[in-house]
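J.: Please work out how this folds:
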Amino acid sequence: MLIFDLDGTLWDSSQPVAESWNEVFERRGSSLHLTAEDIRNVMGKTMEEIARTILPVYDEAGKALFAECETYEVDYISIHGGTLYEGVEETLKKLKDDGYRLAIVSNCQSGYIGAFLKSMKMGEYFCDIEEWGNTLKPKDENIRLVMERNNCTRAIYIGDTQKDMDSARGAGIPFIHAAYGFGQTALPDGVIYAFDELPEAVKTIGGDK
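T.: Just a heads-up that it's a prediction; the model follows:
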């Protein structure tokens, strides 16, 4: 089974995410304004960690504002989508045709992966997903949860940050670093510099289907 991170691994949604949050800030009379680079800098964190990083004060009003941003972001992404990395759809199709089960585990809010699947028309490729917003559990636990649901004893996690690699280690599975993404890692089990390099990297590690 191959389990993927989403942001920085399958696509880049930083621009539309920033646009959606800025619309909420403007409606609420907030002076906050975010750029795509601001979003990239927090990708991979849980939504609570992102809120504490971005908001000047994480009080009840701040929590309510951020919750509105989360909800509107999902609606916005469902319509506007993001940018798939080159070769993603073709490579996912090849991996699925080769018999690999594919899943996504992300530290995002509830509904975000669904927005990705809908806007990019990717639903046919994945057999399972899990989000931090559904479980409020660390990513390594969500990876194990997906593995258990699918009766999988061996999997590979593909992501772009050190936190992704630490999560894979916590789940007891190999990690492939998507070096074209948002972060760096130390001593991954494999590295890809373009998404279409993934099938060969998976064969080298030898993950189960």
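
J.: tell me the SS of the closest residue to E90 other than its chain neighbours?
T.: Spatial nearest neighbour of E90, excluding adjacent residues (Cβ to Cβ, 6 or more residues apart in numbering): D196 at 7.0 Å. Where you see a C-beta, it was placed from the backbone N, CA and C, and this is true even at glycine. Classification of D196 by DSSP: H, G, I helix; E, B strand; the rest coil places it in helix.

J.: Distance of D196 relative to I77?
T.: 25 Å (Cβ to Cβ, to the nearest Å).

J.: So between those two, which is more surrounded?
T.: I77 (25 against 15; other Cβ atoms under 10 Å).

J.: what phi and what psi does the backbone show at V146?
T.: Dihedral pair for V146: phi -60, psi -40, per degrees, to the nearest 10.

J.: how much space between it and I192?
T.: Relative to I192, V146 is positioned 21 Å away (Cβ to Cβ).

J.: re the thing from before, wouldn't the residue nearest to E90 be in contact with K93 here?
T.: No - with contact defined as Cβ atoms under 8 Å, D196 does not count as touching K93 (11.3 Å).

J.: For this protein, which segments are assigned as strands?
T.: Using DSSP state E, the strands of the chain run over 2-4, 11-12, 83-84, 102-106, 128-131, 156-159, 175-178, 190-192.

J.: Could I get the CA-only coordinates of the helix or strand bottoming out on mean pLDDT in the chain as CSV?
T.: Lowest on mean pLDDT, DSSP states H and E among the helices and strands of the chain sits helix 47-54, with a mean of 86. Extracted in CSV, the C-alpha atoms of helix 47-54 (Å, rounded to 0.1, in the frame of the first residue of the first chain):
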residue,chain,number,x,y,z
MET,A,47,-4.6,23.0,11.7
GLU,A,48,-4.3,24.0,15.4
GLU,A,49,-0.5,24.5,14.9
ILE,A,50,-1.2,26.6,11.8
ALA,A,51,-3.7,28.8,13.7
ARG,A,52,-1.3,29.4,16.5
THR,A,53,1.4,30.4,13.9
ILE,A,54,-0.7,32.7,11.8
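
J.: ok now it, how far from the chain's centre?
T.: 16 Å (Cα atoms, centre = their mean, to the nearest Å).

J.: Give me the buried positions along that helix.
T.: Applying a neighbour-count criterion of 16 or more other Cβ atoms under 10 Å, one finds M47, E48, I50, A51, I54 buried in helix 47-54.

J.: Contact partners for I143?
T.: Neighbouring residues of I143 by Cβ atoms under 8 Å, 6 or more residues apart in numbering: I3, V105, E130, A155, Y157, S167, A168, G170, A171, I173.

J.: again, but for E23
T.: By Cβ under 8 Å, 6+ apart, the contact set of E23 is Y72, Y76.

J.: If we use 7 Å, what do you get?
T.: Shown in contact with E23 (Cβ atoms under 7 Å, 6 or more residues apart in numbering): Y72.
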